[in-house]
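>>> The sequence isn't on hand, but the structure is:
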């Protein structure tokens, strides 16, 4: 690999760079990660992860103060996960973030948990629904990649 | 698209062609499909699908008599789904297949259900496990495609 390869492959947007590094962290913690997940109509989370025991974590990536201030929906995400985190870079003013949420410091290449989020376990029925929706969303994306014609083709 | 494109994109192996057409059928039935899923150690199913109400179906693709006769594991798959199907092409000797299993006729471009499989509902705990494993497997494959370095990179 040339020395330039990591730069060439860097995601273009700051939020995407945070998301990539955070996804690598979650992967190293044996969580499976899905980006841009819609837990309910009108909500779309940057990252959701599913741990080996079924733990559901949501992570919102914030590139800066303005990005955080513009977010009117994050409290709605708390109802769809067992733990909720922010992912920010080293320059982010972390005093803006509520203390009862998790904090991840990230860049494009990796991340670390600075403050573990408190756990509020989902009720059983909602957990089953989120896991099902997670599974279906991930599999549909894989099929679209493997066979882009699948949606327009159909039963014979 | 040129007239040759479908041929060029045809999966090389007979089983893969059946799997692609069957996956398109399942997609058209609003099922999300995952290939080569491992429900338990030593078992690997060609297709598993997750329906909108959480239905789990397994489909084994058989290219011919020899392929079917060589399968010593399929009865083990029955314990991991609500409905079990075979997918075969039009030349397959369907009298070989047990009557209490489902039957799908497929080619590379689509498929149709010839005989609906009887339903044997999974118990709750196993259903939760299969859905979780399905979700994790699909998301891990997506992450590997989106960020191949994720497995070797880690926490910073």
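Everything's here; your move. Quick caveat: nothing in here was measured; it's all calculated off a predicted structure.

>>> Could you pull up the residues touching the residue nearest to the spatial centre of chain A?
Per Cα atoms, centre = their mean, the C-alpha nearest to the average position across chain A is that of residue A:47, at 0.9 Å. Contacts of residue A:47 were listed using Cβ atoms under 8 Å, 6 or more residues apart in numbering or on different chains, and they are A:19, A:22-23, A:26, A:33-35, A:37, A:58-61, A:87. C-beta: built from backbone N, CA, C; applies to glycine.

>>> Can you verify it is assigned to a helix?
No - assignment of residue A:47 by DSSP: H, G, I helix; E, B strand; the rest coil gives strand, placing it outside any helix.

>>> Run through the bridge partners of residue A:105.
Residues found in beta-bridge contact with residue A:105 (criterion: DSSP bridges) are residue A:88, residue A:112.

>>> how about the helices of chain A, start to end?
Taking DSSP state H, the helices of chain A run over residues A:5-8, A:14-28, A:65-69, A:74-77, A:124-146.

>>> For chain A, name the helix or strand with the lowest mean pLDDT.
Of all regular secondary-structure elements in chain A, judged by mean pLDDT, DSSP states H and E, the least confident is helix A:5-8 with a mean of 54.

>>> The helices of chain A: which one's closest to residue A:103?
With Cβ to Cβ, the closest approach to residue A:103 among the helices of chain A belongs to helix A:14-28: 11.3 Å.

>>> tell me which residues in that closest one are buried?
For helix A:14-28, the buried set under the neighbour-count rule, 16 or more other Cβ atoms under 10 Å in any protein chain shown, comprises A:14-28.

>>> Considering these, which is situated nearest to residue A:148?
Closest to residue A:148, out of all of these and judged by Cβ to Cβ, is residue A:16, at 22.5 Å.

>>> any idea how far the closest one lies from chain B?
10 Å (Cβ to the nearest Cβ, to the nearest Å).

>>> go on, residue A:61?
15 Å.

>>> Equivalent analysis for residue A:121, please.
Between residue A:121 and chain B the distance, using Cβ to the nearest Cβ, works out to 14 Å.

>>> quick one: that residue and residue A:82 touch, right?
Yes - under the criterion of Cβ atoms under 8 Å, residue A:121 lies in contact with residue A:82, with a separation of 5.5 Å.

>>> higher neighbour count, those two?
Neighbours of residue A:121 and residue A:82, each counted by other Cβ atoms under 10 Å in any protein chain shown, are more numerous for residue A:82; the result is 18 against 11.

>>> so that one makes contact with residue A:118?
No - Residue A:82 is beyond contact range of residue A:118, at 9.6 Å (criterion: Cβ under 8 Å).

>>> how about low-confidence regions in chain A?
Segments of chain A classed as low confidence (criterion: pLDDT under 70) are A:1-8, A:151-156.

>>> Can you pull the phi/psi pair for the residue nearest to residue A:122 when sequence neighbours are not counted?
With Cβ to Cβ, 6 or more residues apart in numbering or on different chains as the measure, residue A:82 is the residue that lies nearest to residue A:122, at 5.8 Å, once sequence neighbours are left out. Its backbone dihedrals place residue A:82 at phi -90, psi -30, with angles given as degrees, to the nearest 10.

>>> mind listing what's buried in stretch A:37-47?
Residues of stretch A:37-47 classed as buried under the neighbour-count rule (16+ other Cβ under 10 Å) are A:37, A:39, A:45, A:46, A:47.

>>> Please give me every residue in contact with the second one.
Contacts here follow Cβ under 8 Å, 6+ apart; on that basis residue A:39 touches A:45, A:48, A:58, A:77, A:80, A:130, A:133.

>>> before we move on, back to that, out of the buried residues of stretch A:37-47, which one sits closest to chain B?
Taking Cβ to the nearest Cβ as the measure, residue A:37 is the one of the buried residues of stretch A:37-47 closest to chain B, at 9.6 Å.

>>> How many neighbouring residues does the residue nearest to that closest one when sequence neighbours are not counted have?
In space, and not counting its chain neighbours, residue A:37 is closest to residue A:48: 4.4 Å by Cβ to Cβ, 6+ apart. With neighbours defined by other Cβ under 10 Å, the count for residue A:48 comes to 28.

>>> Who does residue A:48 form a beta bridge with?
The residues listed as beta-bridge partners of residue A:48 by DSSP bridges are residue A:34, residue A:58.
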